[in-house]
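Asker: give me a model of this one.
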Amino acid sequence: MADVKVAIEEGRSGKPRPAYLLVGSETLLVERAITALRRATVGPGGVPGFNEDLFHGGSGLEGSTVVAAATTLPMMADTRFVLLRRVDQVRAAGQAELAAYLAKPSPSTCLVMTAEKIAGNTKLGRAAKKHGVRFDAKPLKGGALRGFIVDEAKGRGHPLAQEAAQALLDALGDDLAAIDDALERLSLYVGAGQRIDLEAVEACVTRVRVDSIWALVDAVSLRDARKASAAASSLLADRQAPLRILAMVARQLRMVARMREALASGARGEAAARQAGAPPFKARDLTEAARRFTLGDLGRAFDTLAETDLLLKGSKIPGDVALQRAVLELCLRPDSPREARR
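Answerer: Below you'll find the model as predicted:
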């Protein structure tokens, strides 16, 4: 299994393989691969329907229908492009037909299949691995996510300050589409070839304030409901979406959990912070937080965050109310009643 970036590079080089199975939830990278492979096959101005077919899994789609399109000779061109989205929703028999096709794909077609998940023990999963056409698009984390931000800025011709990269992470988390959009706006803002610094990020990107997030996390670790509520109110007053605030709190707590592991393994200071996926200057704050949170505390906190995420996405309760209730519950002692959420 290779990384989806390999598929993107092959498309951009103009030398695509006859088949690709793109697996994963990182849609920005999957869509980039599709775009690059399509351009390499039918060109940027290719007319849909001429040497191109698009299918969606489900609704009774047969694998033989896709295979027939893939084995059709191109018309007045060298190659044709066939895209099958959500191959995981194709029935097992259809997937088996597609697996058989991978053994001898048409050299004049680029067949691209996508799926969020494909089990490795299915016929299609085994065939894709055997023939080297599976490419994974997993969510980027830690250093890979920072590397993506730096590379994206560099690709637009801009050096990127370390604190600017961290500010983008603080504001947008691991949402690659949002990061891509923000960098495009930053590129226009600073001008061709100019450095993107913290001031530019603060001017162009709605930023979740790191200090407020840490104030919230610290207050929770101290069971200080008043300070935690005030920190949450401050973030809401900055017009931050409750789901975004919740995601940032979850991200910080995951760092705390990783910091506990790093400290337990003997790492200290900046080295431990790097293992936790945090910038070195957060070493002291993370060390203190890791000492305050027990494993039980973290487990209960993640349960509360997961429940609140569902509430925010599927309940009629106002988002700010759901968030504040979650904050109060996070501050409860382990033996406290849970009526605060009721």
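Asker: surely residue 113 forms part of a strand?
Answerer: Yes - assessed by DSSP: H, G, I helix; E, B strand; the rest coil, residue 113 belongs to a strand.
Asker: surely it meets residue 94?
Answerer: No - applying Cβ atoms under 8 Å as the test, residue 113 and residue 94 come out as separate, 11.2 Å apart. Heads up, the C-betas are built off the backbone N, CA and C, glycines and all.
Asker: the more surrounded of these two?
Answerer: The residue with more neighbours, out of residue 113 and residue 94, is residue 113; 28 against 22, by other Cβ atoms under 10 Å.
Asker: which ones are touching the more buried one?
Answerer: 19-22, 83-85, 87, 98 (Cβ atoms under 8 Å, 6 or more residues apart in numbering).
Asker: what pairs with it across the strands?
Answerer: Note on residue 113: beta-bridge partners residue 21, residue 84, judged by DSSP bridges.
Asker: ok, residue 204 - contacts?
Answerer: Taking Cβ under 8 Å, 6+ apart as the definition, contacts of residue 204 comprise 182, 185-186, 189.
Asker: how does it look with 6 Å?
Answerer: 185-186, 189 (Cβ atoms under 6 Å, 6 or more residues apart in numbering).
Asker: measure it to residue 181 for me?
Answerer: Distance, residue 204 to residue 181, by Cβ to Cβ, to the nearest Å: 10 Å.
Asker: what do you get for residue 172?
Answerer: For residue 172 relative to residue 181 (Cβ to Cβ), the value is 9 Å.
Asker: what of residue 19?
Answerer: From residue 19 to residue 181 the distance is 31 Å (Cβ to Cβ).
Asker: more neighbours: these two, which one.
Answerer: Remark: of residue 19 and residue 181, residue 19 carries more neighbours, 23 against 14, as counted by other Cβ under 10 Å.
Asker: re the thing from before, any chance of the contacts of residue 204 in a markdown table, plus distance to residue 237, secondary structure and neighbour count?
Answerer: Formatted as a markdown table, these follow (distance: Cβ to Cβ, whole Å; DSSP: H, G, I helix; E, B strand; the rest coil; neighbours: other Cβ atoms under 10 Å):
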| residue | distance to residue 237 | secondary structure | neighbour count |
| --- | --- | --- | --- |
| 185 | 24 | helix | 13 |
| 186 | 25 | helix | 23 |
| 189 | 25 | helix | 14 |
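Asker: distance from the longest helix belonging to the chain to the middle of the chain?
Answerer: Longest helix of the chain, by residue count under DSSP state H: helix 242-264. Averaging C-alpha positions (Cα atoms, centre = their mean, to the nearest Å) puts helix 242-264 16 Å from its chain's average.
Asker: now it: buried residues?
Answerer: Going by neighbour count (16 or more other Cβ atoms under 10 Å), the buried part of helix 242-264 is 242, 244-253, 255-260, 262-263.
Asker: buried residues, whichever helix or strand comes after it. List them.
Answerer: Where DSSP states H and E defines the elements, the next helix or strand beyond helix 242-264 is helix 269-275. For helix 269-275, the neighbour count (16+ other Cβ under 10 Å) marks 272-275 as buried.
Asker: likewise for stretch 309-316?
Answerer: Buried-residue list, stretch 309-316, by 16+ other Cβ under 10 Å: 309, 311-312.
Asker: out of those residues, which sit inside helices?
Answerer: Those of those lying in helices (DSSP H): 309, 311-312.
Asker: and the spatially most central residue of the chain, how far from residue 174?
Answerer: With distances taken as Cα atoms, centre = their mean, residue 139 lies nearest the centre of the chain, 3.9 Å away. Distance of residue 139 to residue 174, given as Cβ to Cβ: 6 Å.
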